[in-house]
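In: Give me a model of this one.
(2 chains)
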Amino acid sequence: RKEVEQDPGPFNVPEGATVAFNCTYSNSASQSFFWYRQDCRKEPKLLMSVYSSGNEDGRFTAQLNRASQYISLLIRDSKLSDSATYLCVVGPMDSNYQLIWGAGTKLIIKP
Amino acid sequence: DAGITQSPRHKVTETGTPVTLRCHQTENHRYMYWYRQDPGHGLRLIHYSYGVKDTDKGEVSDGYSVSRSKTEDFLLTLESATSSQTSVYFCAISEGVEQPQHFGDGTRLSIL
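Out: This is a model prediction of the structure:
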């Protein structure tokens, strides 16, 4: 089992729809959780941190479920510009206490 | 955007040649990281630094070395490049090990 797992997609979603991603992690001792977005041939950019109580930033909502060891990202009223790969990041968990990155979920928003 | 500059942005070289990639930051962050990204894989940590002259290995460190002689610069060296090291290399910085990381634009390296 991978330490951080994401559905690779692609998710094909019509503009204006709501889309949700989940990301599971294996180490129950993990303390930090983030969502990044990465556009094609670009660097990853921080989308939002994920807090225990859940947090929202405009159309984006992130949730943490420690009991089931997953984090989620909800995008409401999706825009064409939301098309990207969304990376789940968890840490620290390995022997070097560094972040572990999921392989990403590709999202395609269609007009 | 965080002040991180990677150089070169693109490089094509031959198997067996040495290659050095440079990462320069203007944020005075303590931590610096080198990752590689390949299709089907998440970002994989090569080496990281937690201060001047303080470095440690990551998940895929074989064939790579690093140096950090100044806070702002972190160099990644492939002593003798192999075709399996063809990849996109990203440098990242963070204030602390549990803090979010911010990335440079990446270096596309092709080893022929």
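In: Please report the distance of the spatially most central residue of chain B from B:Thr107.
Out: Central residue of chain B (Cα atoms, centre = their mean): B:Trp34, 2.8 Å from the mean position. Separation of B:Trp34 from B:Thr107 (Cβ to Cβ, to the nearest Å): 10 Å. Every residue, glycine included, has its C-beta placed from N, CA and C.
In: Now the phi/psi pair for the residue nearest to the centre of chain B, please.
Out: phi -120, psi 130 (degrees, to the nearest 10).
In: tell me the contacts of it?
Out: With contacts defined as Cβ atoms under 8 Å, 6 or more residues apart in numbering or on different chains, B:Trp34 is in contact with B:21, B:23, B:45-48, B:58, B:64, B:66, B:74, B:76, B:89-91.
In: Also B:Leu76?
Out: B:Thr20, B:Leu21, B:Arg22, B:Cys23, B:Trp34, B:Ile46, B:His47, B:Tyr64, B:Ser65, B:Val66, B:Tyr89, B:Cys91.
In: Filter the contacts of B:Trp34 down to the ones in strands?
Out: In strands, defined here by DSSP state E, the members of those are B:21, B:23, B:45-48, B:64, B:66, B:74, B:76, B:89-91.
In: Quick check: ChimeraX command selecting the buried ones in those residues.
Out: Here is the ChimeraX command that picks out the buried ones among those, judged by 16 or more other Cβ atoms under 10 Å in any protein chain shown:
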select /B:21,23,45,46,47,48,64,66,74,76,89,90,91
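In: Is it possible to get the ones in strands among the contacts of B:Trp34 out as TSV so that each row also shows pLDDT?
Out: As requested, the ones in strands among the contacts of B:Trp34 are arranged in TSV below (pLDDT from 0 to 100):
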residue	pLDDT
B:Leu21	98
B:Cys23	98
B:Leu45	93
B:Ile46	96
B:His47	96
B:Tyr48	95
B:Tyr64	97
B:Val66	97
B:Phe74	98
B:Leu76	98
B:Tyr89	98
B:Phe90	98
B:Cys91	98
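In: Quickly name whichever of the ones in strands among the contacts of B:Trp34 is closest to A:Val90.
Out: B:Leu45 (13.2 Å; Cβ to Cβ).
In: Just the buried residues of stretch A:77-92, please?
Out: Buried positions in stretch A:77-92, judged by neighbour count with 16+ other Cβ under 10 Å: A:Ser78, A:Asp82, A:Ser83, A:Ala84, A:Thr85, A:Tyr86, A:Leu87, A:Cys88, A:Val89, A:Val90, A:Gly91, A:Pro92.
In: okay, how far is it across stretch B:81-93, tip to tip?
Out: 25 Å (Cα to Cα, to the nearest Å).
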